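Peer 1: Coordinates for the following, if possible.
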Amino acid sequence: MADDGPTREPSRRPGGRTARVRQRILEAAAELIARDGFAGLRYDEVADLAGVNKTSVYRNWPDRTALVADALVAFSADAAPLHDSGDIDADLADFLEAVAASLGSPQGRALLAVVGSARDNPALQAVVDDVLARRQETLHARVEAAVASGELPVVDPHFLGEMLSGPVHLLVSRGGREFTRADAERVTAIVLAGVRATAGARQ
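Peer 2: Numbers count the residues shown, from 1 in each chain. As a prediction, this is how the structure comes out:
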C-alpha cells in the first residue's frame, strides 16, 4: 500500500498516449476504490487493472490522496448535467436520472466509498466537498432561473437539492433495483408540489 504524502492539486492532463494511459489508471483507481475503499487501494492492483507498469502510477501520483483526487475531480466535471428547457419539472427529472446513473458508475461508487474515509482526512474531504459543490452549483443556477421566470416560488436551492437527491442516494445505495424515469418523475412531482403548496405559508 502506498504511503500518503503531501497532497497536491490535480495535475493538468497531457495529450496523446500519455493521456490515454492516465485515463486508464484513473478508471482503474475508481473501480478499485469502489470495491475496496480508500484504505484498500493498492498501487500494484491499480497498475494491473489499468494494464500499465506500477512505476507509471507512482510517477504521476506519488500519494494515494492525489490519485483519488484526480479520479473524482475528473468524474465531477461531467456528472449529472442540468439543462434549461423551460420546463423545470422535466429538467429536474432529467437531473435525477443523471445523478442516479453517475452514482451507479465506478466513479460514483468510488465517491460514496470515499465519503466515510474523508471524515478523518481533510484532503479527501476537500475533494468530496468539491465534487458535491459542483453538482450543487449546477442545480442552484437552474433553480434560481426557474424562480426568476415564475416556474417556481422562492425556495432555498440547497434545501430543494437535498429533498430531490435524498431518495436517489437511498435507492442507489440499497442496490435493490434500478432508479427509473418513473422514479425521477415521481420524486420531482412530490417535492415540487410541496414547494408550491407551502410557498404562501413561508411568506
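Peer 1: buried ones in the host helix or strand of Gly166?
Peer 2: Counting by DSSP states H and E, the element that carries Gly166 is helix 157-174. By neighbour count on 16 or more other C-beta atoms under 10 Å, the buried set for helix 157-174 is 157, 160-161, 163-165, 167-168, 171-172. (Each C-beta comes from the backbone N, C-alpha and C, glycine too.)
Peer 1: Which one of those is nearest to Ala90?
Peer 2: Leu164 (13.5 Å; C-beta to C-beta).
Peer 1: Now do the helices in the chain.
Peer 2: 16-36, 43-50, 54-60, 64-78, 88-104, 106-118, 122-149, 157-174, 181-197, 199-202 (DSSP state H).
Peer 1: Mean pLDDT for those - can I get that in CSV?
Peer 2: Formatted as CSV, the helices of the chain follow (pLDDT from 0 to 100):
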stretch, mean pLDDT
helix 16-36, 86
helix 43-50, 95
helix 54-60, 92
helix 64-78, 76
helix 88-104, 90
helix 106-118, 77
helix 122-149, 86
helix 157-174, 88
helix 181-197, 96
helix 199-202, 65
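Peer 1: and which of the buried residues of helix 157-174 is nearest to Glu144?
Peer 2: Pro157 (6.5 Å).
Peer 1: ok, now how distant is the closest one from Glu137?
Peer 2: As judged by C-beta to C-beta, to the nearest Å, Pro157 and Glu137 stand 10 Å apart.
Peer 1: okay, now Pro122: neighbour count?
Peer 2: 10 (other C-beta atoms under 10 Å).
Peer 1: ok, back up a step: contacts for the helix holding Gly166, please.
Peer 2: Residues from elsewhere that reach helix 157-174, judged by C-beta atoms under 8 Å, 6 or more residues apart in numbering: 92, 95-96, 99-100, 103-104, 108, 112, 136, 139-140, 143-144, 177, 179, 183-184, 187-188, 191, 194-195.
Peer 1: Show the buried residues in these.
Peer 2: Taking 16+ other C-beta under 10 Å as the criterion, what is buried in the contacts of helix 157-174 is 92, 95-96, 99-100, 103, 108, 112, 139-140, 143, 179, 183-184, 187-188, 191, 195.
Peer 1: any idea how far stretch 59-69 is from the chain center?
Peer 2: 19 Å (C-alpha atoms, centre = their mean, to the nearest Å).
Peer 1: Over to stretch 27-42?
Peer 2: 16 Å.
Peer 1: Please enumerate residues in contact with that stretch?
Peer 2: So stretch 27-42 is in contact with 1-2, 45-47, 49-50, 64, 67-68, 71-72, 75, 106-107, 109-110, 112-114, 116-117, 121, 124, going by C-beta under 8 Å, 6+ apart.
Peer 1: Quick check: ChimeraX command selecting the buried ones in those residues.
Peer 2: Buried residues within the contacts of stretch 27-42, by 16+ other C-beta under 10 Å, are selected in ChimeraX with:
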select :2,45,46,47,50,64,67,68,71,72,75,106,107,109,110,112,113,114,117,121,124
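Peer 1: wait, what's in contact with Leu124?
Peer 2: Shown in contact with Leu124 (C-beta under 8 Å, 6+ apart): 38, 65, 68-69, 114, 117-118.
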